[in-house]
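>>> I'd like to go over a predicted model; first the sequence, then the structure.
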Amino acid sequence: MILIDVGNTNIVFAVSINNLIKKIKRICTNQNKKKLENSINAIINEYSTISKLDNKKIAIISSVVPSLNLVLTNILKKNSINTFIVRSKNINQFLKINYNLEEVGADRLANSIAIINNNISNSIVVDFGTATTFEVIKSKIFLGGIIFPGINLSKNTLIKKTSLLKNTEITKTNKVVAKNTKRSIQSGFYWGYLMAINGLIKKISEENKFKPKIILTGGLANIFKNDIKPKPIIKPNLTLEGLRIIGSVYYANKK
């Protein structure tokens, strides 16, 4: 089974072998169309030759870039691979949703399904992607969440719009008050986002009157893991895991 998570910044590919996620590859979403198609073709061709795939004829897709769906399905079709695109209306068997079905992102649904499949009834999933998103799950029901600008998106916008600030890696600083520009940027993004995340976790918990497990996923999850409260669980491949679960059920129903 081929797993594809199409994000605004990257497209992440993987395969399922013995119910484990293997051979993860990433390519940039925003690139020349021909180059993008060639990259996708190369990955799909490589995956198609793997003999131990759980099912070689199915690809499960989570996409927040609808314009790329047809590109992917056409390439997969040429390789005789059937596609299942995750949408709110076709995953009712996996997840109860208390949210506008026309607007909920497929990646957020896949994240939630992965958590529920791990027998976690109450949780807040914080996904550090192009946007920083929160998925709130109570009694195994997706209640909704929060979306605000992702860390790298905010940082890149700040650098682009200012003349004197230079790009710098996000990392934890020992003190909030910094003595130079580089450390000031790092402090602002680390402690600023940390306070926002911890504050939102506290507010969500109070508002919904529950004590959720905190799940972190996405590229910057490891940087923040030691200071987020309550102590979080790190799930770097959460969306792919959700896609694997959906695909396993989809394949079973096809037999």
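Great, that's in hand.

>>> only C-alpha atoms from now on, for both contacts and neighbour counts.
Noted.

>>> which parts of the stretch 1-150 of the chain are strands?
All strands of the stretch 1-150 of the chain, identified by DSSP state E, counting those that start in this stretch, fall at 2-6, 10-17, 20-28, 58-63, 82-85, 96-97, 123-128, 131-138, 141-149.

>>> list the helices and strands the fourth one packs on?
Spelled out, it's strand 58-63. Judged by 3 or more Cα pairs under 8 Å, 6 or more residues apart in numbering; DSSP states H and E, the packing partners of strand 58-63 are strand 2-6, strand 82-85, helix 106-117, helix 238-254.

>>> contacts for the second one, please.
Spelled out, it's strand 82-85. Applying Cα atoms under 8 Å, 6 or more residues apart in numbering, the contact partners of strand 82-85 are Lys57, Ile58, Ala59, Ile60, Ile61, Ser62, Ser63, Thr73, Leu76, Gly247.

>>> the fifth one and Met1 touch, don't they?
The one in question is Ile61. No - between Ile61 and Met1 there is no contact under Cα atoms under 8 Å: 10.8 Å.

>>> re the thing from before, farthest pair within the contacts of strand 82-85?
Greatest spatial distance in the contacts of strand 82-85: Lys57 and Ser63, 19.3 Å, computed using Cα to Cα.

>>> ok, those two, which is more surrounded?
Ser63 (21 against 17; other Cα atoms under 10 Å).

>>> show me what counts as buried in the helix or strand in which Thr157 is found.
Using DSSP states H and E, Thr157 sits within helix 151-161. Neighbour counts over helix 151-161 (16 or more other Cα atoms under 10 Å) mark Ile151, Asn152, Lys155 as buried.

>>> picking up where we left off before, make CSV out of the contacts of strand 82-85 and add pLDDT.
Shown next, in CSV, are those (pLDDT from 0 to 100):
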residue, pLDDT
Lys57, 86
Ile58, 91
Ala59, 94
Ile60, 95
Ile61, 96
Ser62, 96
Ser63, 95
Thr73, 94
Leu76, 94
Gly247, 90
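
>>> what is the nearest of these to Phe210?
For the contacts of strand 82-85, the minimum distance to Phe210 (Cα to Cα) is 29.2 Å, reached by Ser62.

>>> give me the neighbour count for that closest one.
28.

>>> what's near enough to touch it?
Contacts of Ser62 were listed using Cα under 8 Å, 6+ apart, and they are Ile4, Asp5, Val6, Ile85, Val86, Ala106, Asp107, Ala110, Leu243.

>>> most neighbours among the residues you listed, which one is it?
Ranked by neighbours (other Cα under 10 Å), these are led by Leu243, which has 30 neighbours.

>>> Ile137 pairs with what?
Using DSSP bridges, the bridge partners assigned to Ile137 are Ser123, Phe142.

>>> what's near enough to touch it?
Ile137 touches Ser112, Ser121, Asn122, Ser123, Ile124, Leu143, Gly144, counting by Cα under 8 Å, 6+ apart.

>>> farthest-separated two in those residues?
Ser121 and Gly144 (14.6 Å).

>>> can you tell me how far Asn156 sits from Glu241?
From Asn156 across to Glu241, the span is 29 Å (Cα to Cα, to the nearest Å).

>>> how's the protein carved up into domains?
2-85, 89-240 (automatic domain parsing).

>>> Ser139 and Asn122 touch, don't they?
Yes - the criterion here is Cα under 8 Å, and Ser139 meets it with Asn122 at 5.7 Å.

>>> between these two, which is the more surrounded one?
Taking other Cα under 10 Å, Ser139 and Asn122 do not tie; Asn122 has more neighbours (20 against 13).

>>> next, the contact list for the more buried one, please.
Val136, Ile137, Lys138, Ser139, Lys140, Phe210, Lys211, Pro212, Lys213.

>>> count of residues packed around Lys56?
Lys56 has 20 neighbours, counted by other Cα under 10 Å.
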